[in-house]
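> need a 3D model of the sequence below.
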Amino acid sequence: MKLFSLANEEKVFVKKESPEGTLVYPAASNTVLVTGASALAQDIEFIDDAQLRSSRSKLSPIKGRTRPGEWSLTTYCKPSGTLGVAPETDPLFECLMGKKTTPSGVLYGLDSSVNLGSCSIWVKKGHSVFALEGATVNQATFNIAGGEIVSIAWAGQFMKWYRAGTDLAQTIVAASDTHVHVYDAKRFTSKMKIQLGADYATTGYTITSVDYGNNILNISPNVVTGCALNAEITPWLPSTTELGTPVHGKITQTTVGSLLATLISAQVVMTNNIKYYEDEMNGQWYPTAYGTTGFRNLEGTLGLYFRKPTMQYFYKSEYQLQDALTIQCGELVGKRMKLQMPKIEYRTPKISGDEEVMLELPFVPVASAALDDEISILFD
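Below is the predicted model of the structure:
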């Protein structure tokens, strides 16, 4: 049995939850391919014991709440390749923006009238799998450059995680059994899916509860064929599928106002400022609700050579003149992503460069009087 996990063994699945905060199990179609390893963690609160005992020594702290977990991962921009078919990162876009329609292509828009949705994120790290329940997308960073693949860095929080490692069967597991004896049940939690040797009952066995004292995993459904003594008990996930082709930044077209602009790079950052409620006394150690109590933040930066016409941006930033901005990544129908910002305002440009002089142009998308229209994202 291999002991080490390798980063290149990682698999990620993301599926929209309904209702929010309820773990859902993935299918192959929920695959999300990541670039580099994802990060995930959930801290537990430990409070110093402040009771005085005529000594300067500290005893074991008092265990408190389980804080909201944090996750992050990075993907390429990958339109599906078919007009009207959402990209493989569809659940992340829905949870980021709040609304999805299909007028012509797939359009993600803003909506303050509803709570942003949540998703379940399943991550395989070598020999183990983690499932994140009630995960929200708090931030997305779109990185576009002429010498790179367009990428999106996603980050957010979640309510609770579940875990399944790899162990061996301590006894023979026979057909119709409802539990599995392992050597170390602490490697597993409830709600995870496992495989018994080669037997995975089509979609894996769900751990309904764990008897940690006796190293027993109670499972559903009943065992189909079972496994031998010392067979591997492993986490189960569906096979992966791929959708779409990554887009290179070189073919990005940017329109400022009604004119094409030639950029070297662009970055757009959207932050939802989601808050998880962890102080409610409801009998749960984990947060069970979240909301958006403040404004969303949008900001970006354009990088370009300091050509003669770019001097206008100093004036525009000083007098808050607005432009429409569209950044189109990809050029063929069904293989494009458009970041559409009807109104942006510039902030003070920055000049740098030891050879060609460069202009860094910060901007802020702003809403119209109709509200909730600072940005939309169209896959067409």
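
> can I assume L92 sits in a helix?
Yes - under DSSP: H, G, I helix; E, B strand; the rest coil, L92 sits within a helix.

> count of neighbours near it?
24 (other CB atoms under 10 Å). Any C-beta I mention is one placed from the backbone N, CA and C, and that applies to glycine too.

> for the protein, which strand is longest?
strand 128-145 (DSSP state E).

> for the record, mean pLDDT for that strand?
Average pLDDT, strand 128-145: 98.

> tell me the secondary structure at the residue of the chain most remote from its centre.
For the chain, the residue at maximal distance from the C-alpha centroid (CA atoms, centre = their mean) is S54, at 49.4 Å. Secondary structure, three-state DSSP: S54 is coil.

> and the helix-or-strand element of the chain with minimal mean pLDDT, how far from the chain's centre?
Lowest by mean pLDDT, DSSP states H and E among the helices and strands of the chain is strand 259-261, with a mean of 90. Its chain's C-alpha centre and that of strand 259-261 lie 32 Å apart, by CA atoms, centre = their mean, to the nearest Å.

> and the longest strand of the chain, what does it pack against?
The contact analysis (3 or more CB pairs under 8 Å, 6 or more residues apart in numbering; DSSP states H and E) places strand 128-145 against strand 69-76, helix 90-97, strand 119-125, strand 151-158, strand 160-164, strand 265-271, strand 322-329.

> I'd like the average pLDDT over the second one.
Average pLDDT, helix 90-97: 98.

> that helix versus strand 128-145: what angle between them?
Angle, helix 90-97 to strand 128-145, by axes from the mean of the first three to the mean of the last three CA atoms, to 10 degrees: 70 degrees.

> how many degrees apart are helix 90-97 and strand 119-125 in direction?
130 degrees.

> export helix 90-97 as CSV, just CAs?
C-alpha atoms of helix 90-97 as CSV (Å, rounded to 0.1, in the frame of the first residue of the first chain):
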residue,chain,number,x,y,z
ASP,A,90,-20.3,26.1,-14.2
PRO,A,91,-21.2,25.6,-10.4
LEU,A,92,-18.3,27.9,-9.5
PHE,A,93,-19.6,30.6,-11.8
GLU,A,94,-23.1,30.3,-10.5
CYS,A,95,-22.0,30.5,-6.9
LEU,A,96,-19.8,33.5,-7.7
MET,A,97,-22.4,35.5,-9.7
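
> spatially nearest residue to A153 (excluding sequence neighbours)?
Among residues not flanking A153 along the chain, T141 sits closest, at 4.2 Å (CB to CB, 6 or more residues apart in numbering).

> what does T82 give?
The nearest residue in space to T82 (CB to CB, 6+ apart) is G334, at 5.1 Å.
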